[in-house]
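Q: return a 3D structure for these sequence lines:
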Amino acid sequence: MKRIISYVLKGMCVGSFIYLISLIAYDGLDTVSVRGIYSMWIASAAIGVANIVYDCKWSKLFKHTFQFGVVFFSILFVNLWHGWIEISFLVLLDKALFVLFLMLVSSAINYLLAARDSKLINQLLNKK
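A: Residues are numbered from 1 along each chain as shown. The predicted structure is shown next:
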């Protein structure tokens, strides 16, 4: 249960940050609504819980596909719920590419942090 709560909180933190950046970049902070914040938190919590799939012993392809699907449908649900988008092929493609971009950036950041940590650990071990 602690692990699920941890994933929920991490998802909500990352989702809040991305929501804030997208508001600043696209809409402006004057468009913020309580309903928008709550729906973003719910979607971010779902995305966070979906990260638990990485603790399972499944193939990497399935894990990434599952995560992509949860993120895509969460973002799509929030956008449709608020009437921010209409359903069309180009809009769905745009959202899918946006999700793919976010996942690639997230993976790159995780890789760089892991490489930095490994380098630091190796330096500490070599000193001993």
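Q: restricting to C-alpha, output stretch 10-29 in CSV.
A: Output of stretch 10-29 as CSV, limited to C-alpha atoms (Å, rounded to 0.1, in the frame of the first residue of the first chain):
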residue,chain,number,x,y,z
LYS,A,10,5.0,11.1,-7.5
GLY,A,11,2.5,11.1,-10.3
MET,A,12,0.6,14.1,-8.9
CYS,A,13,3.9,16.0,-8.4
VAL,A,14,5.1,15.4,-11.9
GLY,A,15,1.6,16.1,-13.3
SER,A,16,1.3,19.3,-11.4
PHE,A,17,4.6,20.5,-12.7
ILE,A,18,3.8,19.6,-16.3
TYR,A,19,0.3,21.3,-15.9
LEU,A,20,1.9,24.5,-14.6
ILE,A,21,4.5,24.6,-17.4
SER,A,22,1.8,24.0,-20.1
LEU,A,23,-0.4,26.7,-18.5
ILE,A,24,2.5,29.2,-18.6
ALA,A,25,3.5,28.2,-22.2
TYR,A,26,0.1,28.0,-23.8
ASP,A,27,-2.9,29.4,-21.8
GLY,A,28,-1.7,31.7,-19.1
LEU,A,29,-2.3,31.4,-15.5
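Q: and it, how far out from the chain middle?
A: A distance of 11 Å separates the centroid of the chain from that of stretch 10-29, by CA atoms, centre = their mean, to the nearest Å.
Q: cool, stretch 92-110 as well?
A: Centroid separation for stretch 92-110 versus its chain: 9 Å, with CA atoms, centre = their mean.
Q: pLDDT (mean, whole number) over it?
A: Per-residue pLDDT over stretch 92-110 has a mean of 84.
Q: repeat for stretch 79-89
A: Here the average pLDDT along stretch 79-89 is 83.
Q: off-centre distance for that stretch?
A: Put simply, stretch 79-89 sits 19 Å off its chain's centre (CA atoms, centre = their mean).
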